[in-house]
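A.B. asks: I need the structure of the sequence given here:
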Amino acid sequence: MSNKKNKELQNESESEEEQNSASDHDSDVDSDGNYVGDKELQADFEGRNPEDCDFHGIKQLLRQLFLKSDVDLGGLAQIIISQNYVGSVVKQCLDDVMEDDDEDDGSDGVFGITTVINITKRKDENCIKQIRNLLTTLADENADEKTKALVKKILTNDSESVGFVINERILNIPAAISVPLFSSLQSEVEKAVKKNMPYTFQYLVWISKTYNTGDESSEVLFANQEEKPLVEEALASFDVDVTDQAELSQWDYEGGSMTPCRKVLIFEGKKFNHLIRLMKQEVESA
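C.D. replies: Okay, here's the model as predicted:
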């Protein structure tokens, strides 16, 4: 399958950094194999249509978002692949020789996923049932009465479609890559709507990964920085503390610590293009 979009991201490395010892390199990689050091690395990435070989990589990224929630991540990954005309996975650019190597099918090279799923039309599929139940439970436990009522309304009224937005990538992939990914998603959704496919949404649900520094006066930190300006556009939102689900409940932050949370955001579906513009502006102003 040919690549439909490409975003190149390059970070320069100092020559002496390239000659670090193996022990230094190991100290910059966490138990999941993610780079967590402070050196700048150089890599090129591109967006592609999700394919069967991306199943395990997509599933792993979904685990970052849902943690230990009761959601069939394999089933959700299969849905994402089945609707590959909407959404993209982020893969590392490889030279022609490596791409032609039959021993490398790309299954371990998914660095991000951006898509939207109609959780109204697909409400009878098991993993979507679980997501809908999860949203209801999280709202009941964390939201105010007005937001609880809104969540109940949008999940029980089958005449109005709800889109569930997924914007997930591994740590250290720059926010700039979100701009071409969402531009492509916007175009793909518009094309699908013109073909009378079920991608016209009255509401959008978005779960953002955030971090609490423990200081009530400080602003919320977003794992995906481009999502920060979206909060003010939400019809409703609520926060969920996921400390008990995360393997690393606290990260060091400027001498303090960060506790992982989730911010559930609900938008009017007609604001989708506006939300994409806001994310682009956030990235360009950074």
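A.B. asks: Please look at Phe66 and Leu73 and confirm they touch.
C.D. replies: Yes: the pair Phe66 / Leu73 is scored as a contact, 6.6 Å apart, by Cβ atoms under 8 Å. Every C-beta, even on glycine, is put in place using the N, C-alpha and C of the backbone.
A.B. asks: For Leu230, see how far away Val193 is.
C.D. replies: 22 Å (Cβ to Cβ, to the nearest Å).
A.B. asks: Please name the residues that touch Thr210.
C.D. replies: 220-223, 239, 260-263 (Cβ atoms under 8 Å, 6 or more residues apart in numbering).
A.B. asks: neighbours around the nearest residue to Lys209 once chain neighbours are set aside, how many?
C.D. replies: Of all residues not flanking Lys209 in the chain, Ala223 sits nearest, at 3.8 Å (Cβ to Cβ, 6 or more residues apart in numbering). Neighbourhood size, Ala223 [other Cβ atoms under 10 Å]: 20.
A.B. asks: Roughly how far does Ala223 sit from Thr115?
C.D. replies: From Ala223 to Thr115 the distance is 18 Å (Cβ to Cβ).
A.B. asks: again, but for Gly109
C.D. replies: 18 Å.
A.B. asks: who's more crowded, these two?
C.D. replies: Thr115 (25 against 16).
A.B. asks: does Val151 belong to a helix or a strand, and which?
C.D. replies: Counting by DSSP states H and E, the element that carries Val151 is helix 145-156.
A.B. asks: need the next SSE after that helix, C-terminal direction.
C.D. replies: Next along from helix 145-156, by DSSP H and E: strand 162-169.
A.B. asks: Remind me what that following strand packs against, helices and strands.
C.D. replies: helix 55-66, strand 110-118, strand 203-212 (3 or more Cβ pairs under 8 Å, 6 or more residues apart in numbering; DSSP states H and E).
A.B. asks: Would you tell me which one of these is buried the most?
C.D. replies: Sort the helices and strands packed on strand 162-169 by mean neighbour count, taking mean count of other Cβ atoms under 10 Å, and strand 110-118 sits at the top with a mean of 23.
A.B. asks: Please save the CA atoms from that strand in CSV.
C.D. replies: Taking C-alpha atoms only, strand 110-118 is exported to CSV below (Å, rounded to 0.1, in the frame of the first residue of the first chain):
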residue,chain,number,x,y,z
VAL,A,110,4.0,1.8,15.2
PHE,A,111,4.8,5.1,16.9
GLY,A,112,1.4,6.7,16.9
ILE,A,113,-2.3,6.3,15.9
THR,A,114,-4.8,9.1,15.0
THR,A,115,-8.3,8.2,14.1
VAL,A,116,-12.0,8.6,15.0
ILE,A,117,-14.6,5.8,15.6
ASN,A,118,-18.3,6.0,15.5
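A.B. asks: That one vs strand 203-212, what angle?
C.D. replies: Interaxial angle of strand 110-118 relative to strand 203-212 (axes from the mean of the first three to the mean of the last three Cα atoms, to 10 degrees): 140 degrees.
A.B. asks: relative to helix 55-66, how tilted is the helix or strand following strand 110-118?
C.D. replies: Counting by DSSP H and E, the next helix or strand C-terminal to strand 110-118 is helix 126-142. Relative orientation of helix 126-142 versus helix 55-66 (the same axes, to 10 degrees): 10 degrees.
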